[in-house]
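A.B. asks: For reference, the sequence and a predicted model appear below.
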Amino acid sequence: MFEQVVLYDFSPTGGTRRVGEAFCKAIGKTVTEVDLCSPQMPEQPENAQLAVLAAPVFGGRLPATAAQRLAELKGKGLPAVTIAVYGTRAFEDALLELNDIAADCGFRVVASAACIAQHSIVPEVGAGRPDSDDLSEIAAFASRVWEKYAGADCSAPQVPGNRPYKAGMASLTAPITLKGCTRCGSCAAACPTQAITVGGQGVHTNADACIMCMACTAACPVKVRVLPPEVQQKTAQKLHPLCSLRRPNEFYL
């Protein structure tokens with residue numbers, strides 16, 4: 001195992017973090033998390049022996065905000081594992097994009113994974129994932145990564161995807177706030193793009209800044225932060241065929 005591992009994650013609703021933490025705990029004795037959802041870019045730890053870069057997939061690409069914050073990291077030749085986390089549909093160009101960013105930042109990518117987490121908009125898709133079977137697979141992958149690195153093999157994995165990447169997902173709407181809001185500010189605090197303001201007139205969302213990451217809906221303690229009902233219904237209908245599908249995790253060494 002590595003003595004010190006740093007996890008860089010962009011995880012608005014927690015699924016990406018759970019996957020990243022599971023991998024890190026299986027391969028590192030000490031794990032330091034750097035939350036890339038923070039509006040202010042956190043400092044990078046100096047003593048890490050391995051970096052893990054974990055990001056969600058939005059429409060087959062990395063969220064633009066996540067890509068921008070990952071691109072600010074300084075790899076300095078550190079070995080890295082990249083993990084794209086998606087809600088069952090497809091990861092398309094996201095993992096390749098993540099690897100390209102990591103390489104441009106100076107990391108040496110030695111392994112990659114595309115893992116499943118519960119869908120952030122339609123929770124019936126990938127419900128409960130990562131589950132115990134997923135966590136066992138992730139731990140086994142961590143063992144294989146350690147064996148590869150211990151054997152002095154730092155070759156980069158070949159991952160699926162195309163260049164140029166597909167067009168990024170457009171955010172055509174933003175969550176709304178229903179009656180019952182206590183104006184506690186949890187939604188605003190959770191928003192990685194600072195698109196939400198809370199004041200005497202209620203909650204206001206800058207739709208142009210919103211990336212539909214659903215961090216605000218997950219953070220709302222009274223569950224009154226939701227997508228507009230028509231958008232929620234349309235998305236649920238579109239993804240309904242995936243509810244019974246158990247998409248496998250994919251690992252690349």
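C.D. replies: Received it, and whenever you're ready, just let me know what you need. Residues are numbered from 1 along each chain as shown.
A.B. asks: Identify the residues contacting residue 245.
C.D. replies: Applying C-beta atoms under 8 Å, 6 or more residues apart in numbering to residue 245 gives the contacts residue 88. Just so you know, the C-beta spots here come from the backbone N, C-alpha and C atoms, and that holds for glycine as well.
A.B. asks: what about residue 147, distance to residue 244?
C.D. replies: Applying C-beta to C-beta, to the nearest Å, the value for residue 147 to residue 244 is 35 Å.
A.B. asks: For stretch 121-135, the averaged confidence score.
C.D. replies: The average pLDDT for stretch 121-135 rounds to 97.
A.B. asks: For it, list every residue counted as buried.
C.D. replies: Residues 121, 122, 125, 126, 129, 130, 134, 135 are the ones in stretch 121-135 that count as buried (16 or more other C-beta atoms under 10 Å).
A.B. asks: Surely residue 144 and residue 153 touch.
C.D. replies: No. Residue 144 is not in contact with residue 153 according to C-beta atoms under 8 Å; the separation is 10.9 Å.
A.B. asks: on that earlier part again, show me the buried residues of stretch 121-135 that map onto helices.
C.D. replies: Among those, DSSP state H puts 134, 135 in helices.
A.B. asks: Just the pLDDT at the residue of the chain most remote from its centre, thanks.
C.D. replies: Centroid-distance maximum for the chain: residue 200 at 33.1 Å, with C-alpha atoms, centre = their mean. Residue 200 carries a pLDDT score of 83 in this model.
A.B. asks: So it versus residue 181, what's the distance?
C.D. replies: Using C-beta to C-beta, residue 200 is found at 13 Å from residue 181.
A.B. asks: try residue 7
C.D. replies: Going from residue 7 to residue 181 by C-beta to C-beta gives 33 Å.
A.B. asks: Give me the more crowded residue out of those two.
C.D. replies: Comparing residue 7 with residue 181 by other C-beta atoms under 10 Å, the one with more neighbours is residue 7, at 27 against 15.
A.B. asks: Kindly confirm whether my reading is correct that residue 97 touches residue 161.
C.D. replies: Yes. Counting by C-beta under 8 Å, residue 97 touches residue 161, with 7.0 Å between them.
A.B. asks: Out of those two, name the residue with the larger neighbour count.
C.D. replies: Taking neighbours as other C-beta under 10 Å, residue 97 and residue 161 compare with residue 97 leading, 27 against 21.
A.B. asks: does that one sit in a helix, a strand or a coil?
C.D. replies: helix (DSSP: H, G, I helix; E, B strand; the rest coil).
A.B. asks: can you check residue 55 too?
C.D. replies: Under three-state DSSP, residue 55 comes out as strand.
A.B. asks: contacting residues for it?
C.D. replies: 9-10, 16, 36, 62-63, 66-67, 70, 83-85, 94, 98.
A.B. asks: so of these, which ones are in helices?
C.D. replies: Among these, the members found in helices (DSSP H) are 16, 66, 67, 70, 94, 98.
A.B. asks: Most widely separated two among these?
C.D. replies: Farthest pair in those (C-beta to C-beta) is 16 and 67. Separation: 13.8 Å.
A.B. asks: Show me which of those two is the more surrounded one.
C.D. replies: Per other C-beta under 10 Å, whichever of residue 16 and residue 67 has more neighbours is residue 16, with 27 against 18.
A.B. asks: Return the per-residue confidence for the closest residue to the more buried one other than its chain neighbours.
C.D. replies: Distance criterion C-beta to C-beta, 6 or more residues apart in numbering; nearest residue to residue 16, sequence neighbours excluded, is residue 85 at 4.2 Å. pLDDT for residue 85: 98.
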